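>>> heads up, no residue letters with this:
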Ligand SMILES: Nc1ncnc2c1ncn2[C@@H]1O[C@H](COP(=O)(O)OP(=O)(O)OP(=O)(O)O)[C@@H](O)[C@H]1O
Ligand SMILES: [Mg+2]
C-alpha cells in the first residue's frame, strides 16, 4: 500500500520544476466599514485588488499545465536567461527530457557543459535546408521560398526568381517532380541555388529580381553553415542537452534560418509520431524577438510549433525583451507567462493587459503598478494552474 502511495507521490512530483521564492499574490479583498452608528449601524462594503504577502516556493508542474510552453519577457539584465537556465536544469533533473537550446548569444555554453550537454557551433556543423526529408521537390521548394521570403523580407519578384533558381538547382542534380525515383539523389545545397541565381543574373534574365536576391542571400553564403550538406544530424536534438551556440552567425536572419531549418526537421519528425499526452522534448529560444520572424500572413515556425507542439509532447520556452513584437501565437499559446520589469510604455501596457486580463480597471491598475515596482530578478508569473498572478523572486542557478 505504502509503495503505491509513494509511487503516486513520485509520479505527481516528477513534472514539478522549482522556480523561486513566492513574495505575494494578487487577491480580491472584501471588507466593510461603518459609515453611521445612529439611528442604526450602516455598513459600506469595499472591494479591491491587493497584493497579499505569501511565503513558500513557487514551482511549475509541466504535466498539469494546459500546455508545456513558457514565455518570459522583460527588460535587459533583469534575469530572463537566468530563469531559462533554471527551467532547463529543472527539466533535465526532474523530467529527464531532452532539451535543445538555441543560443543566439552563445551564453549557455558553460552551463550546458556543466550539465553534461553537447555544444554545437556553426563552425563545425552545417545544415542543408534543401534536403527533401520526405517531402516532394515542389513542396520543399515552396516551403523554403515562403520561409526565405518571410525571414529575408523578399519582394514577390525576388521570391519568384528564387523559386525558378531552386527548380533549376534540383534539375541539375537530376531531381524532378515527376520522377519520384530521382528524389533519393543527392539534393542541391544553398550554394547550388545561389550559383543558379548568379548565372541568371549574368545572362540578364529579369535582372532586377536576381541581383537584389543575390545581394540578400550573400550574407548567408559566408562560411559553410547553409552552403554545404548537413553535418549536424537532426537526431541530435532527440537526446540529452544540446546547446546550438549560434552567435557567430551574426545576423538575426541567419540565426532565424538556422533555427527554423532545424525545427522544421523536428516538425516533420513530430508529425510522423503518434499523438501523445506525455512530454517528450523541450526547445529553448532565447532572444525570441530577434529570431521568431513572422509576417502578417504567416506565423514563424516556432509560432506554429507553440500552437501545435503540445499534442506531440513538445514544449517551447521562449524569452524576449519585447513580447509585443513577438509572434502572437507564442504569447497566445504559452500556458506559463513570466513578466520581469518593463519600462517601455507600450510594452508595459501590453504586459499589464496580458497579466491582468479582462477589463477590470482596478485590477489592471494594481497589476500595472506591480510591474513598475518589480526589482531585478523578480517577476510576475501567470500560469494555467494558478488562479491569480504571483510575484516570484528568482535565485541564480
Ligand atoms: N537572481 C539573481 N541574483 C543575482 N544575480 C543574478 C540573478 N539573476 C541574474 N543575475 C545576474 O544578472 C545578470 C543579468 O541576468 P540575465 O542575463 O539573466 O538577464 P537577461 O534578462 O537575460 O538580460 P538580456 O535581455 O540582456 O539577455 C547576469 O550577470 C546574471 O548572472
Ligand atoms: Mg538574456
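All right, it came through fine. Small disclaimer: the values here were computed from a predicted structure and weren't measured. Ligands and ions are numbered 1, 2, ... in the order given.
>>> What helices and strands are in contact with the longest helix seen in the chain?
Determined from DSSP state H, the single longest helix within the chain is helix 252-271. Helix 252-271 sits against strand 99-103, helix 137-152, helix 207-221, strand 241-245, strand 281-285, helix 288-291, helix 301-308, with contacts defined as 3 or more CB pairs under 8 Å, 6 or more residues apart in numbering; DSSP states H and E. (C-beta placed from N, C-alpha, C; glycine too.)
>>> Which residue would be the closest one in the stretch 151-300 of the chain to ligand 2?
With CB to the ion, the shortest gap between the stretch 151-300 of the chain and ligand 2 falls at residue 286, namely 5.7 Å.
>>> That should have said the chain, apologies.
residue 81 (3.2 Å).
>>> Give the phi and psi angles for that residue, as a check.
phi -70, psi -30 (degrees, to the nearest 10).
>>> now stretch 354-361, how far from the centre of its chain.
Stretch 354-361 has its C-alpha centroid displaced from the chain centroid by 24 Å (CA atoms, centre = their mean, to the nearest Å).
>>> still on that earlier bit, any idea of the mean pLDDT for the longest helix of the chain?
Helix 252-271 shows a mean pLDDT of 88.
>>> can you check stretch 190-207 too?
For stretch 190-207, mean pLDDT rounds to 83.
>>> ok, and what's touching it?
Stretch 190-207 is contacted by residues 128-130, 157, 161-162, 164-166, 168-169, 172-173, 210-211, 213-214, 217, 220-221, 226-228 when judged by CB atoms under 8 Å, 6 or more residues apart in numbering.
>>> what do you get for stretch 46-63?
14-33, 68, 70, 87, 91, 95, 279, 315, 336, 360, 362-363, 366-367, 370, 381, 383, 385, 390-392.
>>> Which of those fall in strands?
16-33, 70, 315, 336, 381, 390-392 (DSSP state E).
>>> Would you write out the ChimeraX command that picks the buried residues out of the contacts of stretch 190-207?
Buried residues among the contacts of stretch 190-207 (16 or more other CB atoms under 10 Å), as a ChimeraX selection:
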select :128,129,130,161,162,164,165,166,168,169,173,210,211,213,214,217,220,226,227
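>>> per-domain residue ranges of the protein.
Domain assignment of the chain by automatic domain parsing yields the ranges 52-125+232-394, 137-221.
>>> end-to-end on the first one?
Read that as domain 52-125+232-394. 19 Å (CA to CA, to the nearest Å).
>>> does residue 209 really touch residue 161, like I thought?
Yes - counting by CB atoms under 8 Å, residue 209 touches residue 161, with 3.9 Å between them.
>>> Flag every residue of the stretch 1-150 of the chain that's near ligand 2.
80, 81 (CB under 5 Å from the ion).
>>> Do I have it right that residue 26 meets residue 381?
No - the criterion here is CB under 8 Å, and residue 26 misses it with residue 381 at 10.9 Å.
>>> quick one: common contacting residues for these two?
Here residue 26 and residue 381 have 389, 390 as joint contacts, going by CB under 8 Å, 6+ apart.
>>> Chain neighbours aside, what residue packs nearest to residue 264?
Closest residue to residue 264 apart from its sequence neighbours, by CB to CB, 6 or more residues apart in numbering: residue 301 at 6.1 Å.
>>> Residue 340 now?
residue 74 is the one closest to residue 340 (CB to CB, 6+ apart), at 2.4 Å.
>>> Same question for residue 338.
Distances taken as CB to CB, 6+ apart place residue 72 nearest to residue 338, at 4.3 Å, with adjacent residues excluded.
>>> State the helix or strand in which the one you found lies.
Element membership for residue 72 (DSSP states H and E) is strand 70-73.
>>> That strand pairs with which strands, parallel or anti?
strand 314-320 (parallel), strand 336-339 (parallel) (DSSP bridges).
>>> How about the contacts made by residue 84?
72, 101, 108, 284, 286, 317, 319.
>>> One more pass at 6 Å, please.
284, 286, 319 (CB atoms under 6 Å, 6 or more residues apart in numbering).
>>> and the gap between it and residue 104?
12 Å (CB to CB, to the nearest Å).
>>> related to what we said a few turns ago, nearest to ligand 1, out of the strands paired with strand 70-73?
strand 314-320 (6.6 Å; CB to the nearest ligand atom).
>>> What average pLDDT does that closest one get?
On average, strand 314-320 scores 96.
>>> Quickly find the element holding the residue lying closest to residue 220 once chain neighbours are set aside.
With CB to CB, 6+ apart as the criterion, residue 220 has its nearest non-adjacent residue at 5.0 Å, and that residue is residue 226. Assigned by DSSP H and E, residue 226 belongs to no helix or strand.
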